[in-house]
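A.B. asks: fold the stuff below for me.
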Amino acid sequence: MYAFQAISTALFARATVGTGRWIDVNLAQSTAALLGHKAAEYVLEGGTPRALNVPAGSYQTSDGWMMVTLVNEAQYKRLCTAIAREDLASDPRFADFAKRADSADALTAQLRDVFQSQSNETWLGRLHAADVIAERILTPGDWLHNVHVEATRAAVCQDTPGVGKVYAARTPGFMGLSEDDLRPAPDIGADSREILLDAGFDSDAVDSLIGARIVRTSGR
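C.D. replies: As a prediction, the model looks like this:
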């Protein structure tokens, strides 16, 4: 992702300014950039950053998993009301984000017990009605058949010989022929003849290589 970003910027600069750029993108640097905010938290909080927005996180329900997110104090109070645990809203240990971070283990343990008692649908109905940010966590199969995913054609399906239908998430921003008309993944040797002919070998030479089992083709 970072390499693509850097290359695109460099090509644009070359076309508009006329100067080239040296691009150096490595895996360690890219991973650190994705986690840059954690480095800032580490420095600003003396090496022991607090958990953010407690009790935000993933919770198991009776039939799956869901994610709950909080961004302000009012949402925490509404969360407690939605799950019929007003006592958690009045508990001084959980009075604000800072105190909840200090008592995260005690609070999240209680929420885990509560959320496991009902289904995703039940909890999401209550939480959404209370204007609390929450959504179910989908398995890959759930995601592929999600109404929104199907409506936006967010997944690409390719019928592959010998394998069946292969699904993959569409590359963001590349809707169209670049992915809609992809060829299926070739079998080993499927394109050997075409590649050798394109490389300058004549048909007889290719046949000899295949007959001598120097070159493999599909099914041989």
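
A.B. asks: surely Ser203 and Leu196 touch.
C.D. replies: No: using Cβ atoms under 8 Å as the test, Ser203 is too far from Leu196 to be in contact (9.4 Å). Heads up, the C-betas are built off the backbone N, CA and C, glycines and all.

A.B. asks: what ranges does this structure have for its strands?
C.D. replies: 57-60, 65-69, 133-136, 155-160, 164-169 (DSSP state E).

A.B. asks: quick check: which of the ones you listed is nearest to Thr217?
C.D. replies: strand 155-160 (18.2 Å; Cβ to Cβ).

A.B. asks: parallel or antiparallel, list what pairs with the closest one.
C.D. replies: strand 164-169 (antiparallel) (DSSP bridges).

A.B. asks: distance from the strand it pairs with to the middle of the chain?
C.D. replies: 17 Å (Cα atoms, centre = their mean, to the nearest Å).

A.B. asks: residue contacts, Val156?
C.D. replies: 167-170, 179-180, 182 (Cβ atoms under 8 Å, 6 or more residues apart in numbering).

A.B. asks: run through the bridge partners of it.
C.D. replies: Val156 has these beta-bridge partners by DSSP bridges: Ala168.

A.B. asks: so how far is Arg85 from it?
C.D. replies: 44 Å (Cβ to Cβ, to the nearest Å).

A.B. asks: list the buried residues for stretch 47-65?
C.D. replies: 49, 53-56, 59, 61 (16 or more other Cβ atoms under 10 Å).

A.B. asks: cool, stretch 184-193 as well?
C.D. replies: For stretch 184-193, by 16+ other Cβ under 10 Å, it's 190, 192-193.

A.B. asks: now stretch 166-185
C.D. replies: Here stretch 166-185 shows Arg170 as buried, counting by 16+ other Cβ under 10 Å.

A.B. asks: again with stretch 143-157
C.D. replies: Those would be 144, 149, 155, for stretch 143-157 by 16+ other Cβ under 10 Å.

A.B. asks: could I get these in CSV, plus columns for distance to Asn26?
C.D. replies: Shown next, in CSV, are these (distance: Cβ to Cβ, whole Å):
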residue, distance to Asn26
Leu144, 33
Val149, 33
Ala155, 31
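
A.B. asks: this completes my enquiry, with thanks.
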